[in-house]
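Chemist: Coordinates for the following, if possible.
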Amino acid sequence: MDDDVTHLSDLAELILAIARLIQSAGDQTFPTGTPIEISVLRFINHNPGTSARAASEATLLTSSNFSRVLRGLEERGFVNRTVDPNDARRVRLYPTALATETRRRLGEEWYRLLGGIEADPAKIDHLIATLQRIEGELVSRRRQDGAPDGLLKSKLSRHLDSRAPGVQPNTSSKRTLSRSKGD
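Modeler: Predicted coordinates:
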């Protein structure tokens, strides 16, 4: 592996390892929170009053997956849907008091976990800015793939490549009914 690949691979591995440690520390505060739920709740917390569509797009979830995650967060009391006062066909998403309290408790837990590791606020600010830039670029690249699930295209390509030679994909959107032997 060349040095650039190794360098970025090391960065990705480190981010994943740190994320696992941070996630496990928060499990006591938000025990049923999956990474996807946390991502959705994070977006809603940062964008109260957002639409379901905007939150779905921002978290790169298909509408059906987003609906399932949102329903779970609502059932557990973390998100409220309210009718948009300007357009009754739309709903707005807001974090609940429980979500706000859970976020506060997670913040305290993560402060205890990370506190004292780096005391220089300028270094922390630089690290935050770098990670935000990485996140933004990764989201942008996944959107450019054109698939809500950034892996969808590559999975489909691998599937199509693994078919027997000469087998063509069914591109028809209509179903055909086979005739019975008596027809």
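
Chemist: For the chain, give me the ranges with low pLDDT.
Modeler: Filtered on pLDDT under 70, the chain yields the residue ranges 1, 29-32, 146-183.

Chemist: Show me the helices in it, by range?
Modeler: Per DSSP state H, the chain carries helices over the ranges 3-26, 35-46, 52-58, 63-75, 97-114, 121-144, 152-162.

Chemist: nearest to V83, of those?
Modeler: Closest to V83 of the helices of the chain, according to C-beta to C-beta: helix 52-58, at 12.2 Å. (Glycine included, C-beta is placed from N, CA and C.)

Chemist: What helices and strands are in contact with that closest one?
Modeler: Helix 52-58 is packed against helix 35-46, helix 63-75, strand 87-95, with contacts defined by 3 or more C-beta pairs under 8 Å, 6 or more residues apart in numbering; DSSP states H and E.

Chemist: how about it: buried residues?
Modeler: 52, 55-58 (16 or more other C-beta atoms under 10 Å).

Chemist: Restrict that helix to CA atoms and write it as CSV.
Modeler: The C-alpha coordinates for helix 52-58 follow below in CSV (Å, rounded to 0.1, in the frame of the first residue of the first chain):
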residue,chain,number,x,y,z
ALA,A,52,-39.2,14.8,7.1
ARG,A,53,-37.9,15.0,3.5
ALA,A,54,-35.0,17.4,4.5
ALA,A,55,-34.0,15.1,7.4
SER,A,56,-34.3,12.0,5.2
GLU,A,57,-32.1,13.6,2.6
ALA,A,58,-29.6,15.0,5.1
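
Chemist: Distance from the chain centre to that helix, please.
Modeler: Counting by C-alpha atoms, centre = their mean, to the nearest Å, helix 52-58 is centred 10 Å from the centre of its parent chain.

Chemist: Brilliant, that's me finished.
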